[in-house]
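>>> Take a look and give me a structure for this.
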Amino acid sequence: GRYPEERVFHIADLGCAHGLNSMPTCGLAIDSITAAAAERPSFMVYHEDLPQNDFNQLVQVLESDNSYTTNRKDVHPCTIGKSFYEQLFPRNFLHLAMAYITLHWLRRLPGKLSGICFNPCEAVPIGSKELDAWSQQASSDLVEFLSLRAMELKPGGELVAVMVGRNDEGSTVSPYVRSQREEGGECAISSVLRDMVEEGKISLSEAE
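Prediction:
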């Protein structure tokens, strides 16, 4: 393998939330590294999210039958209650860092966007001041995130990231997720949010 002398592999799961989505990905990473190793290694897996995250739920998932620790020996999970826009690990420490659908969360909100934020049918016009501010914040945050991970990863270590993007028309959601809307109608996400506001389940400010 890439690290023939390593006996302990360090894996970071960034933006873990409740951990349900982390179980299969962490399991796959552990199995892939184990298969490539000359001797069976040990693993430390660090689940990171903000301090206000419900880590109790994460721990319950880690102790359930769905956990990647089930039927895998010498695998040791732990939690980190910090922002991934901070340094989380020493230099040259991690072998693998993973971030799945979490990098759209910014360090701070640069302002309020017009309309409901998860309304892909009402894209903010390209070049608007609103979009420029959010684009600059997103770019700055991504550079900071990548710089921190570059410092924390060992030489030859890998970062696997899946994130939301925006096309040239300004849409942030794929046509499949948007689904086809009827002439003059709303997309599914916008419609559900408006229904929840009308039913009193969430406030208009929460939807926006």
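>>> Okay, buried residues for the longest strand belonging to the chain please.
Longest strand in the chain by number of residues (criterion: DSSP state E): strand 153-162. Of the residues in strand 153-162, Leu153, Lys154, Gly157, Leu159, Ala161 count as buried by neighbour count, 16 or more other CB atoms under 10 Å. Backbone N, C-alpha and C define where each C-beta goes, glycine included.
>>> Output the contacting helices and strands for it.
Here strand 153-162 touches strand 94-100, going by 3 or more CB pairs under 8 Å, 6 or more residues apart in numbering; DSSP states H and E.
>>> quick check: angle from the strand it packs on to strand 153-162?
20 degrees (axes from the mean of the first three to the mean of the last three CA atoms, to 10 degrees).
>>> quick one, strands of this structure?
In the chain, the segments counted as strands under DSSP E are 8-14, 42-49, 75-81, 94-100, 153-162.
>>> could I get those strands as TSV with mean pLDDT and distance to Glu199?
Formatted as TSV, the strands of the chain follow (pLDDT from 0 to 100; distance: least, CB to CB, whole Å):
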stretch	mean pLDDT	distance to Glu199
strand 8-14	97	35
strand 42-49	98	30
strand 75-81	97	34
strand 94-100	96	31
strand 153-162	95	32
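>>> Out of these, which gets nearest to Asp65?
Nearest to Asp65, of all the strands of the chain, is strand 75-81, at 14.8 Å by CB to CB.
>>> Contact partners for Pro41?
Contacts for Pro41 (CB atoms under 8 Å, 6 or more residues apart in numbering) come out as Glu6, Arg7, Val8, Phe9, Ile33, Thr34, Asp74.
>>> Among the residues you listed, the buried ones, what's the PyMOL command?
Only the buried entries of the contacts of Pro41 go into this PyMOL selection, using 16+ other CB under 10 Å:
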select buried, resi 6+9+33+34
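>>> Identify those among the contacts of Pro41 that sit within helices.
Ile33, Thr34 (DSSP state H).
>>> So which of the contacts of Pro41 is the closest to Phe84?
Phe9 (19.6 Å).
>>> Return the set of residues that bridge with the closest one.
Beta bridges link Phe9 to Phe43 when assigned by DSSP bridges.
>>> how far away is it from Thr70?
Counting by CB to CB, to the nearest Å, the gap from Phe9 to Thr70 is 18 Å.
>>> burial of Arg149, as a residue count?
Arg149: 22 surrounding residues under other CB atoms under 10 Å.
>>> That one is in contact with Glu158, isn't it?
No: if you go by CB atoms under 8 Å, Arg149 and Glu158 don't touch, sitting 9.9 Å apart.
>>> Fine, thanks again, bye for now.
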